[in-house]
Structures are given as C-alpha cells and as structure tokens.
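In: return a 3D structure for these sequence lines:
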Amino acid sequence: MDYTYHYDSPLGKITLASDGNALTGLWFDGQKYFADTLENEYEDKRLPVFDQTLAWLDLYFAGKNPDFTPPLRMKTTEFRKSVWEILLTIPYGETMTYGEIGKQLAEKRGIPHMSAQAVGGAVGHNSISLIIPCHRVVGSSGSLTGYAGGIEKKIHLLTLEGADTSRFFIPKKGTAL
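Out: Numbering: from 1, shown residues only. Next up, the predicted model:
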C-alpha cells in the first residue's frame, strides 16, 4: 500500500508518497510525470517519514541546507537509480551538467561514453524531486533545461540555494518551457 501527504510550499502544492517506511515520491502538483510511481490504490495518511520530509522541506524553503535526508526508496530502473544517486552528490547551491553526470556513469560502468540525452531522460523522470536535486542539473552551455516542475521553479530553487545563476540562460526551445 502506498500513502500520500500534502505540503504547501512557497512554489505551490507538493504531494509526497511513501511505501509506509521510506519516501518514494515528491512532486509539485501538476508537474510532468506527476505521481508516476504512485500505486493505483493509496491512502492519505500522516507517517513518520512524512514528518521527517516536512521538516526537511521547512528548512529548505527557509533557505537552509538540511543536514539530513529522509529515508528514500527509489522506485525506478537500475539506470535511473544510478543517475539519481549521482544527483544526491551535487552539493547545495552548486550545479552539474548532464555531460558531467554521463562521464561519471561511463567511468563507473567502464565504458567510453554515456549519452547526455539518456542522462537527461533519467533526470527528468526523478520522482523524488527537491530531495534528489534534479533542479541542480544544467546544460553544458549553461542552459536551464530539463526541469519537470518548470523553468520558473528551477530558477527559484537555484536562487534560494544561493547558486550563481548569472551564467545560465533560459532556452528558446526545449523541455524546460
């Protein structure tokens, strides 16, 4: 059985999901791939993991770097999980490019190259956004592309974290729009 809970953030409503023990989903309501890992049957219920997540979100939206991570369970493919695990290493207020993630994956797998597009697909399907910080991934040219929650939220989140956004730009076309 899956469980849900709701949080009102400064950027809009957020839906949380859990298997009863770990956080399995965190989406801005209405975002691309919203609730994609949520079972068909679920119950709205306040759980300890939701209390931990709410504390994390309160700190985060207060402009602080939470010093803990609620228990997570990534309901996804092995490839996406390997990408999401790299996302968890991106420090608060910093960014990484899709290409840099691809390079790390290629090195771990002992292969010469990993497609930045494949990485982008995995980043875009992140079902535990904010805590797994997909908003910290940018294009190699500085393009703010690829955030399922929308470009405005991505800019707000990076600004909240104190990231230097002066080198970034909004693409005229792409998945961020």
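In: buried sites along stretch 157-175?
Out: Buried residues in stretch 157-175, counted by 16 or more other Cβ atoms under 10 Å: 157-158, 160-161, 163, 165, 168, 171. Where you see a C-beta, it was placed from the backbone N, CA and C, and this is true even at glycine.
In: do stretch 116-136 as well
Out: Buried, per 16+ other Cβ under 10 Å, within stretch 116-136: 116, 118-136.
In: give me the distance from that stretch to the chain's centre.
Out: 5 Å (Cα atoms, centre = their mean, to the nearest Å).
In: and that stretch, C-alpha only, in PDB?
Out: Output of stretch 116-136 as PDB, limited to C-alpha atoms (Å, rounded to 0.1, in the frame of the first residue of the first chain):
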ATOM      1  CA  ALA A 116      23.800  13.100 -22.100                       C
ATOM      2  CA  GLN A 117      20.400  12.600 -23.600                       C
ATOM      3  CA  ALA A 118      20.000   9.300 -21.700                       C
ATOM      4  CA  VAL A 119      21.000  11.000 -18.600                       C
ATOM      5  CA  GLY A 120      18.500  13.800 -19.300                       C
ATOM      6  CA  GLY A 121      15.700  11.300 -19.600                       C
ATOM      7  CA  ALA A 122      16.600   9.800 -16.200                       C
ATOM      8  CA  VAL A 123      16.900  13.200 -14.600                       C
ATOM      9  CA  GLY A 124      13.600  14.300 -16.000                       C
ATOM     10  CA  HIS A 125      11.800  11.200 -14.500                       C
ATOM     11  CA  ASN A 126      13.100  11.800 -11.000                       C
ATOM     12  CA  SER A 127      10.200  11.000  -8.800                       C
ATOM     13  CA  ILE A 128      11.700  12.400  -5.500                       C
ATOM     14  CA  SER A 129      12.400  16.000  -6.700                       C
ATOM     15  CA  LEU A 130      14.000  18.600  -4.400                       C
ATOM     16  CA  ILE A 131      15.500  16.000  -2.100                       C
ATOM     17  CA  ILE A 132      17.100  14.200  -5.100                       C
ATOM     18  CA  PRO A 133      18.100  17.600  -6.600                       C
ATOM     19  CA  CYS A 134      17.400  17.300 -10.300                       C
ATOM     20  CA  HIS A 135      17.000  21.100 -10.400                       C
ATOM     21  CA  ARG A 136      20.800  21.400  -9.900                       C
END
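In: so which residue of the protein lies furthest out from the middle?
Out: Pro112 (26.7 Å; Cα atoms, centre = their mean).
In: contacting residues around that residue?
Out: Ala106 (Cβ atoms under 8 Å, 6 or more residues apart in numbering).
In: what does the one 5 residues further on give?
Out: Gln117 makes contact with Tyr98, according to Cβ under 8 Å, 6+ apart.
In: host element of it?
Out: Per DSSP states H and E: Gln117 is located in helix 116-124.
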